[in-house]
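>>> what follows is a predicted protein model with its sequence.
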Amino acid sequence: MVPCIEARSLNLTFTPKNRGPVTALQGFDLQVSKGEFLTLVGPSGCGKSTFLNVLLGLLKPDSGELSLNGKQIHGPGQERAMVFQEFGLLPWRTVLANVELGLELKGVAPLIRHERARELIQLVGLESFQNHYPHELSGGMKQRVGLARALATEPEVLLMDEPFAALDAQTRDLMQTELLQIWERTKKTVLFVTHSIEEAAYLSDRVVIMTARPGRTKNVFKIDLPRPRDYEMRLTPEFNDIKATIWSSLKDELGTKAAGNGI
Amino acid sequence: MAFKSFFSDYQRLLLGMVSVIGVVLLWELVFTYVIPLNPFFFTKPSLIAAAFKEQLVSGTLWKDVAISSKAFLLGFSLAVIVGIPIGVFMGWRRRAEYTLDPFFTALYASPLVALAPLLIIIFGVGLTGKVALIFLLAVFPFIFNVFAGVKCTDRLLVNVVRSFGGREKDIYFKVILPSIMPYIVAGARIAIGRGIVGILVTEFYAASEGIGFAISRFGDTYRLPDMFAAIMVLMIMAVVLTEGLRKLETFLTPWKTGQEAR
């Protein structure tokens, strides 16, 4: 396995205005292999999203090392693209123009980026909506645009920060299966964050459980289910066993967090 | 059936016309049949229409409109060009906000027409003085609306553009500018009203031409139908500008159509 992302003893503390400092990451370690689908699961506020933002280059760690293909990460870069939980589509841009955003910022010529964006819009099945504005789309469609936009810049690593959390249950199931199909075709390294054990087990090669704040990696579970996976797989006893194992590791952290907050 | 759908399609227009025509007719009828008209103190639509026609034919009206419009357009354009960048700067840079806010808040809150005599002393009774007052009145709505708009810019969208490698310039042009567009239009709506007040005040005060001068001269000489005709012209100007702005708004913010709460 070729290592792609390597995080070693990352520390990050926020000092919000008028409040005490919050340690989001403390001694955080993680290795992700090339082409791997890895999911981070942990209690709310454990630093999962913080780690993604550090990896994306929007936040700087206080200390520790973070490298991509052996190179230190300083700020955003073309090898990484994020799919945001709240979609983050520009409301004044049509679907086509939104998908083009990354290419436009890279300075790609209009004709080339139109073509590239159209291909990706086709990949996510929105051909007939390319001139629609985001407010005319359903949640699921918005996130398809978010996915197409991230893929358009041809990143090596796809970061997904609870991308399906804002969707209804059925759309969510559908999007998970579509994501798997796209992932199998494009062979990106995917770093996925979710609260859903089911989602983590269904999608991932490995699931990393994080501790309650400050976030560290607690357990790593390898999911040995065969691929391609489909919805029926979720109904098997094996799948339920995997969920049960993950849950038993996660539930202590939820308890710790609740106790820590005095609930 | 056909009538019903015609009515619901055009009900805004139809009801608007019925109400305007109704009020004008009532005004005319009351002063023709109920209350005897004292032409020193009041007038009625038929006399206004006649005065309006006469002013149109003689050409004085066009000249006044042209002179006032020129001052308005210059002052208003200057307010747009100066107000928007200042508002963006204040909204995006905290230190700029802290430095400029006390001044601008005081100036926006005070009745700036009080400065009219001073501006006339400095810039004279001609075009420059008018432009200066119109600018001063119209610039603050732009500054403060744009400022509020920048403050409401979605942090997430800024991060999205940054994450794709966008620089400060990209954040200004691809996020902030489009997202403050509705605020600019709202500012313009207020600025139009204030700008028209600016025309009137300077022209009432010291001028030898223009629509404001015409109104005050007709008033001084008890030519009420002529005065009302001039006021009507001013009203038409204001309505045309506001309607034009509405059209411009749908053109500038096409993503907003169909999103109204009603």
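Yep, that arrived. Residues are numbered from 1 along each chain as shown, chains lettered A, B, ... in the order given.

>>> and the residue nearest to the spatial centre of chain B, what is it in contact with?
Geometric centre of chain B, nearest residue: residue B:192, 1.5 Å, by Cα atoms, centre = their mean. By Cβ atoms under 8 Å, 6 or more residues apart in numbering or on different chains, the residues touching residue B:192 are B:76, B:138, B:238, B:241, B:242, B:245. Where C-beta positions appear, they are placed from N, C-alpha and C, glycine not excepted.

>>> now residue A:53
Per Cβ under 8 Å, 6+ apart, neighbours of residue A:53: residue A:59.

>>> most neighbours of all the contacts of residue B:192, which one?
Using other Cβ atoms under 10 Å in any protein chain shown as the neighbour test, these are led by residue B:138, with 29 neighbours.

>>> give me the number of neighbouring residues for the closest residue to chain A within the stretch 1-150 of chain B.
Across the stretch 1-150 of chain B, no residue is closer to chain A than residue B:94, which sits at 12.1 Å (Cβ to the nearest Cβ). A count of nearby residues for residue B:94, using other Cβ under 10 Å, gives 9.

>>> tell me which element residue 198 is part of?
Using chain A here. helix A:197-203 (DSSP states H and E).

>>> was after chain B, sorry
helix B:177-205.

>>> okay, buried residues for that helix please.
B:177-192, B:194-205 (16 or more other Cβ atoms under 10 Å in any protein chain shown).

>>> gap between residue A:45 and residue A:29?
To residue A:29, residue A:45 is 20 Å away according to Cβ to Cβ, to the nearest Å.

>>> let me see the ranges of the helices in the chain.
Went with chain A since none was named. Assigned by DSSP state H, the helices in chain A fall at A:48-56, A:95-106, A:110-123, A:139-152, A:169-186, A:197-203, A:237-260.

>>> you looked at the wrong chain, it should be chain B
Going by DSSP H, chain B shows helices at B:2-9, B:11-29, B:45-58, B:60-92, B:94-109, B:116-123, B:127-151, B:155-163, B:168-170, B:177-205, B:211-220, B:224-252.

>>> dump those into JSON lines; add mean pLDDT as well.
Converted to JSON lines, the helices of chain B look like this (pLDDT from 0 to 100):
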{"stretch": "helix B:2-9", "mean pLDDT": "72"}
{"stretch": "helix B:11-29", "mean pLDDT": "92"}
{"stretch": "helix B:45-58", "mean pLDDT": "91"}
{"stretch": "helix B:60-92", "mean pLDDT": "94"}
{"stretch": "helix B:94-109", "mean pLDDT": "90"}
{"stretch": "helix B:116-123", "mean pLDDT": "88"}
{"stretch": "helix B:127-151", "mean pLDDT": "94"}
{"stretch": "helix B:155-163", "mean pLDDT": "95"}
{"stretch": "helix B:168-170", "mean pLDDT": "93"}
{"stretch": "helix B:177-205", "mean pLDDT": "92"}
{"stretch": "helix B:211-220", "mean pLDDT": "90"}
{"stretch": "helix B:224-252", "mean pLDDT": "91"}
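
>>> residues touching residue A:35, list them.
Taking Cβ under 8 Å, 6+ apart as the test, what residue A:35 contacts is A:4, A:187, A:188, A:189.

>>> gap between the helix holding residue A:198 and the chain center?
13 Å (Cα atoms, centre = their mean, to the nearest Å).

>>> contacts made by that helix with the rest, please.
A:37, A:39, A:41, A:164, A:172, A:176, A:179-180, A:192, A:194, A:207, A:223, A:225, A:229, A:233-234, A:239, A:242-243, A:246-247, A:250.

>>> is the residue nearest to the spatial centre of chain A in a bridge, and if so with what?
Centroid-nearest residue in chain A: residue A:160, 1.7 Å away (criterion: Cα atoms, centre = their mean). Applying DSSP bridges to residue A:160 yields these beta-bridge partners: residue A:83, residue A:192.
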